[in-house]
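Asks: Pasting the sequence and the predicted coordinates here, then a few questions.
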Amino acid sequence: MTAMEDALRLESVSKTYGDRVRVAALENVSLSLPYGSFTAVMGPSGSGKSTLLNTASGLERADTGRILVGGQELDASDETAATRFRRGRIGFVFQSFNLLPTLTVWQNVLLPARIAGTSVDKRHARRLLDRVGLGDRLEQRPAELSGGQQQRVAIARAIVTRPALLFADEPTGALDSARAAEVLMLLGESVREYGQTVVMVTHDPVAAAYADRVLFLADGRIVDEMRAPETAGVAARMAAFRTGKVAA
Ligand SMILES: Nc1ncnc2c1ncn2[C@@H]1O[C@H](COP(=O)(O)OP(=O)(O)OP(=O)(O)O)[C@@H](O)[C@H]1O
Ligand SMILES: [Mg+2]
């Protein structure tokens, strides 16, 4: 018997892109996230935040290192197996939303459950869409929605099945502050009420303060972390990174 496993564990994960110009998007990243934790990932553009989420969720394959989800190794080299592994257990909110253009809002939200062959709690789905302010948009298609509305559909889609692990890449990037607060509260509730583990990329210190821990990335490495973050402290830390006062 082992001790309680982490919801997510990365062991020395590295990922390099490109042949001609090689970019080390992740370098030796190790981390452990306990169940029911809410982690924010921050860092400059190009520091590897999306790459971290994509490899940790098995959407992209790491060059080296191990990724364990609930103690089970995720092998992204076999795409079919990785997809099956993710299904029902990992949710993803993409930076670019990735909604299906031919499906309505309602169909988009129900799709992951349909694919996974699990029954959907339609009342829960409906409540979620009301919560994100889209209860009256169920029959519309993504092209008929604003960027922020599409983002909220993507969030509802990712959390409707209550995946144990939820990755969200700038889930509030296209939202005004009131909508962003609503989404962040929703993510916080997913963590507290359902014990979900959330990893969220954000550029916004206000959003990061909803998390219980912030990881700071620079040039593909975790260079710092902050527990029980507060907006002002996170903003100050980011400013220090920008002016080079903290060695990265
Ligand atoms: N598919 C790809 N092919 C080649 N290089 C890539 C690819 N995806 C990412 N990169 C490179 O890897 C590095 C990390 O990119 P990544 O998208 O993870 O950054 P990010 O921190 O998410 O940035 P942003 O805040 O702008 O979204 C960058 O230098 C980027 O150019
Ligand atoms: Mg990104």
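Replies: Right, received. Where do you want to start? Everything numeric here is computed off the predicted structure, so don't read it as measured data. Ligands and ions are numbered 1, 2, ... in the order given.
Asks: contacts for the helix or strand of the chain with the lowest mean pLDDT?
Replies: Every helix and strand in the chain was compared by mean pLDDT, DSSP states H and E; the lowest is helix 79-86, with a mean of 87. Contact partners of helix 79-86, identified using CB atoms under 8 Å, 6 or more residues apart in numbering, comprise 57-59, 69, 72, 74-76. For the C-beta atoms, the positions are set from N, CA and C on the backbone; glycine is no exception.
Asks: which one of the residues you listed has the most neighbours?
Replies: S57 (25 neighbours; other CB atoms under 10 Å).
Asks: Output stretch 203-219 as PDB - backbone C-alpha positions only.
Replies: What follows is stretch 203-219 as a C-alpha-only set of coordinates in PDB (Å, rounded to 0.1, in the frame of the first residue of the first chain):
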ATOM      1  CA  HIS A 203      -1.900  36.500 -16.200                       C
ATOM      2  CA  ASP A 204      -4.200  38.100 -13.600                       C
ATOM      3  CA  PRO A 205      -3.100  38.500 -10.000                       C
ATOM      4  CA  VAL A 206      -6.700  38.800  -9.000                       C
ATOM      5  CA  ALA A 207      -7.500  35.500 -10.600                       C
ATOM      6  CA  ALA A 208      -4.400  33.900  -9.100                       C
ATOM      7  CA  ALA A 209      -5.500  34.900  -5.600                       C
ATOM      8  CA  TYR A 210      -8.500  32.500  -5.900                       C
ATOM      9  CA  ALA A 211      -6.000  29.600  -6.000                       C
ATOM     10  CA  ASP A 212      -4.300  28.200  -2.900                       C
ATOM     11  CA  ARG A 213      -0.900  28.100  -4.500                       C
ATOM     12  CA  VAL A 214       0.800  29.900  -7.400                       C
ATOM     13  CA  LEU A 215       3.600  28.400  -9.500                       C
ATOM     14  CA  PHE A 216       5.700  30.900 -11.400                       C
ATOM     15  CA  LEU A 217       7.300  29.700 -14.600                       C
ATOM     16  CA  ALA A 218      10.100  31.400 -16.500                       C
ATOM     17  CA  ASP A 219      11.900  29.900 -19.600                       C
END
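Asks: Does ligand 2 have contacts with it?
Replies: No - for stretch 203-219, no contact with ligand 2 is found by CB under 5 Å from the ion; the gap never falls below 9.4 Å.
Asks: Let me see the mean pLDDT of that stretch.
Replies: Averaging pLDDT along stretch 203-219 gives 97.
Asks: Tell me the buried residues in that stretch?
Replies: 204-205, 207-219 (16 or more other CB atoms under 10 Å).
Asks: again with stretch 222-236
Replies: Residues 222-224, 226, 229, 234 are the ones in stretch 222-236 that count as buried (16+ other CB under 10 Å).
Asks: now check that stretch, is it near ligand 1?
Replies: No - Stretch 222-236 lies out of reach of ligand 1 by CB under 6 Å from any ligand atom, never closer than 12.4 Å.
Asks: Distance from the chain centre to that stretch, please.
Replies: Its chain's C-alpha centre and that of stretch 222-236 lie 18 Å apart, by CA atoms, centre = their mean, to the nearest Å.
Asks: before we move on, what about stretch 215-230?
Replies: 16 Å.
Asks: who touches it?
Replies: Under CB under 8 Å, 6+ apart, the answer for stretch 215-230 is 14-15, 24-31, 39-44, 47-49, 51-52, 208-209, 211-214, 233-234, 237-238, 241, 246, 248.
Asks: In helices, which of these fall?
Replies: The helices, defined by DSSP state H, take in 49, 51-52, 208, 233-234, 237-238, 241 from the contacts of stretch 215-230.
Asks: excluding its backbone neighbours, what's nearest the closest residue to ligand 2 within the chain?
Replies: Using CB to the ion, the closest approach of the chain to ligand 2 is made by S50 at 3.1 Å. Leaving aside its chain neighbours, S50 sits nearest to D169 (5.5 Å; criterion: CB to CB, 6 or more residues apart in numbering).
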